[in-house]
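1. Provide a 3D model corresponding to the input given below.
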Amino acid sequence: MADLNFHTLILMLQKVLVVMEGAPLVGFVSSNHDNNRLFTKVLNKGDVFVFPIGMIHFQLNIGNTPAVAFAGLSSQNPGVITIANTVFGSHPPINLDVLTKAYMLDKNAVQYLQSKF
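-> The predicted structure is shown next:
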């Protein structure tokens, strides 16, 4: 498992994570109708975690040793979208006015983020 796997949105499928070694912190953010609540849990060897369909989620190894985990997806074609890459790395770029208003950032911050993708 990489140190961090963050901000992916997996469309129309569930993801199941089984921890073999390490201590990953996992979490997801619920949808707008649930006030965008953050759910997190530190997993240990043998733990299983299910990420609900279509939720932005992450896994971060917070242990002192490498983490090993297996992920199972409920579809052969998961349709993964990486949020930051999609929003700030689109070609052509999304209009600055749209991003500054949507994320409540100034234009310099948006341009900086776009330069990273």
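2. dump the residue contacts of residue 100.
-> Residues in contact with residue 100 (C-beta atoms under 8 Å, 6 or more residues apart in numbering) are 106-107, 110. Using the backbone N, CA and C atoms, a C-beta is placed for each residue, glycine as well.
3. tell me the one of those nearest residue 83?
-> Residue 83 lies nearest to residue 110 out of the contacts of residue 100, by C-beta to C-beta, at 14.8 Å.
4. number of nearby residues for that closest one?
-> 22 (other C-beta atoms under 10 Å).
5. which residues are contacting the host helix or strand of it?
-> Residue 110 is part of helix 107-115, with elements assigned from DSSP states H and E. Where contact means C-beta under 8 Å, 6+ apart, the residues beyond helix 107-115 that reach it are 84, 88-89, 93, 96, 99-100, 103, 105.
6. go through that helix and flag the buried ones.
-> Neighbour counts over helix 107-115 (16 or more other C-beta atoms under 10 Å) mark 110, 113-114 as buried.
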